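[1] model the following, please.
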Amino acid sequence: MVEEPKIAPLRPEIPPGEIPAGEFPVYITKSNFYRVVHADGVYGGGTPTPGNIMMTFYSHRVPFPEKTLNDGRGNEIVSKRDAKSGIEQEYEVSLVISLETAKLLRIWLNDTIRNTEVLLQEMQQRNQQK
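    Next up, the predicted model:
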């Protein structure tokens, strides 16, 4: 099993089981609106509030038909489908984060990219040895 990459520690490692004075455990829960979102890209930049960054993640897909027509048996008559051509760029979710959080996200992304590239290389080497 592959261990999920973790955010890079901002302080020295603490031996397991020890909780330094002034620190406390953090329990993780998922909000009622938690969901997994696929992203093909991101759009955004600074916000009117100084020090904040906005990111809107989007996915690409073929547009849904605006109208379909079915025959008497309930089968769609595909030639009479009314649909746009091209690609639909659907904005999924926007995040507004502080500059400090963006810097932490950059560290986490760098570490996660590095770990993922290592895992991919290992998988490719294993596949080549077979």
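[2] tell me the secondary structure for the residue located most distally from the centre of the chain?
    Computed with CA atoms, centre = their mean, the maximum C-alpha offset from the centroid of the chain is found at G72, amounting to 43.4 Å. Three-state assignment for G72 (DSSP: H, G, I helix; E, B strand; the rest coil): coil.
[3] now swap in L109 and tell me
    Assigned with three-state DSSP, L109 falls in the helix class.
[4] pLDDT at it, what is it?
    pLDDT for L109: 95.
[5] any low-confidence regions in the chain?
    1-14, 19-20 (pLDDT under 70).
[6] so K84 versus L69, what's the distance?
    Applying CB to CB, to the nearest Å, the value for K84 to L69 is 16 Å. For every residue, glycine as well, the C-beta is placed using N, CA and C.
[7] same check on Q125?
    In this view, Q125 and L69 are 53 Å apart by CB to CB.
[8] which of the two has more residues huddled nearby?
    More crowded of Q125 and L69, by other CB atoms under 10 Å: L69, with 12 against 9.
[9] so who does that one touch?
    E76, I77, K80, R81 (CB atoms under 8 Å, 6 or more residues apart in numbering).
[10] report the contact partners of the first one.
    The reference is to E76. Shown in contact with E76 (CB under 8 Å, 6+ apart): T68, L69, N70.
[11] quick one: which of those residues is nearest K103?
    T68 (48.5 Å; CB to CB).
[12] would you confirm that that closest one contacts D82?
    Yes. Contact criterion CB atoms under 8 Å: T68 and D82 qualify, at 7.5 Å.
[13] just the strands in this protein please.
    Secondary structure of the chain, counting by DSSP state E: strands at 41-46, 52-61, 88-98.
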